[in-house]
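Participant: Got a predicted structure plus its sequence, pasted below:
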Amino acid sequence: MIGTVSDTTTIASARGLGKRFGDVTALDDIDFSLQENKIYGLLGRSGAGKTTLMQILTGQEFPTSGAVEVFGQAPHENARVLTDVCYVKESQKYPDDFKVRHALASARHLFYDRLLADYAQHPRTVVLSTHLIDEVSDLIEHVILIDKGRIVLDEDAGALREGAVVVSGLAPLVAAFTSNKTVLHRESLGSHERATVQTTLSDAERDRAVDEGLCSSDRSRSVRPSSRWSATPAATSISAAASSPCSGSPSRSTCRP
């Protein structure tokens, strides 16, 4: 934590954080803290406020209200803080000589492989921002779910996996099945929908899901413990001064979750 901030394990925090763009509220009274040497998943649908939050954390945007601290200080125009912060965006520019195959490999396999290898050697706080839920399930240790500019879930990933299930099928049936449950994430494709629900299903509820076509009779499949989280490669890495330097190169983006 930048050497002098050694009396706490909190790397970054926000209190009453808000951000408005004209009449649009991107972030609404957000509170959270990020601990050292942990991989976070910042989850939420497109437009939920993830990018705005990442930009404020990395000093690229000023908040409208509230306060954010990284290593105990405001990150904006603070070279001492930003020296140990690396922000790798999904829209990161690739080298001019890259081919499509290079970009695809870097955006997926190389990104995560290099990330884990570097994280093992140089532990730090990492935040992966995503609107998907499938590729980085084994990486995320803590989940922060944001919706309409507000944090609706801030929980350890292990505990969350034990208490969440995914149901999929025709949208009206999924909506009815989840109407009295806490929905953590919802995806739609045409007339079908998939929802991640914070609940533990009883045998009767599972049987109902089978009868309504929300899962197969094999209970280990369609209605299943939500054990996987996925993400597109957009990451913030907040590292101590002793860690390896950050690089904007897609294949060295771990300098992240």
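Facilitator: Received the coordinates, thanks. Numbers count the residues shown, from 1 in each chain.

Participant: sec struct for residue 139, please.
Facilitator: coil (DSSP: H, G, I helix; E, B strand; the rest coil).

Participant: okay, now it: neighbour count?
Facilitator: 21 (other CB atoms under 10 Å). Yep, even glycine has a C-beta here, placed from its N, CA and C like the rest.

Participant: How much space separates residue 159 from residue 16?
Facilitator: Going from residue 159 to residue 16 by CB to CB, to the nearest Å gives 26 Å.

Participant: likewise residue 207?
Facilitator: 46 Å.

Participant: what does residue 119 give?
Facilitator: For residue 119, the distance to residue 16 - CB to CB - is 31 Å.

Participant: Show me which positions of stretch 117-126 end up buried.
Facilitator: Buried residues in stretch 117-126, counted by 16 or more other CB atoms under 10 Å: 118, 119, 122, 124, 125, 126.

Participant: hmm, I was thinking of stretch 80-87
Facilitator: 81, 82, 84, 85, 86, 87.

Participant: Show me the shaky parts of the chain.
Facilitator: Applying pLDDT under 70 to the chain flags the ranges 1-8, 90-109, 131-137, 215-257.

Participant: at 50 what do you get?
Facilitator: 1-7, 216-233, 239-257 (pLDDT under 50).

Participant: how's it carved up into domains?
Facilitator: 10-147+231-241, 164-225 (automatic domain parsing).

Participant: Out of these, which is the most enclosed?
Facilitator: Mean neighbour count (mean count of other CB atoms under 10 Å) peaks for domain 10-147+231-241 among the domains of the chain, with a mean of 18.

Participant: tell me which residues form a beta bridge with the residue lying closest to residue 171 once chain neighbours are set aside?
Facilitator: Using CB to CB, 6 or more residues apart in numbering and skipping the chain neighbours, the partner closest in space to residue 171 is residue 193 (4.1 Å). For residue 193, the beta-bridge partners are residue 169, residue 188 (DSSP bridges).

Participant: Isn't residue 193 up against residue 186?
Facilitator: Yes - using CB atoms under 8 Å, residue 193 makes contact with residue 186 at a distance of 6.6 Å.

Participant: any idea how far residue 54 lies from residue 68?
Facilitator: 11 Å.

Participant: Might you report the residue contacts of residue 9?
Facilitator: Listed by CB atoms under 8 Å, 6 or more residues apart in numbering, the contact partners of residue 9 are 35, 36.

Participant: in which helix or strand would I find residue 31?
Facilitator: When secondary structure is defined by DSSP states H and E, residue 31 falls within strand 24-35.

Participant: partner strands of that strand, parallel or antiparallel?
Facilitator: By DSSP bridges, strand 24-35 pairs with strand 10-21 (antiparallel).
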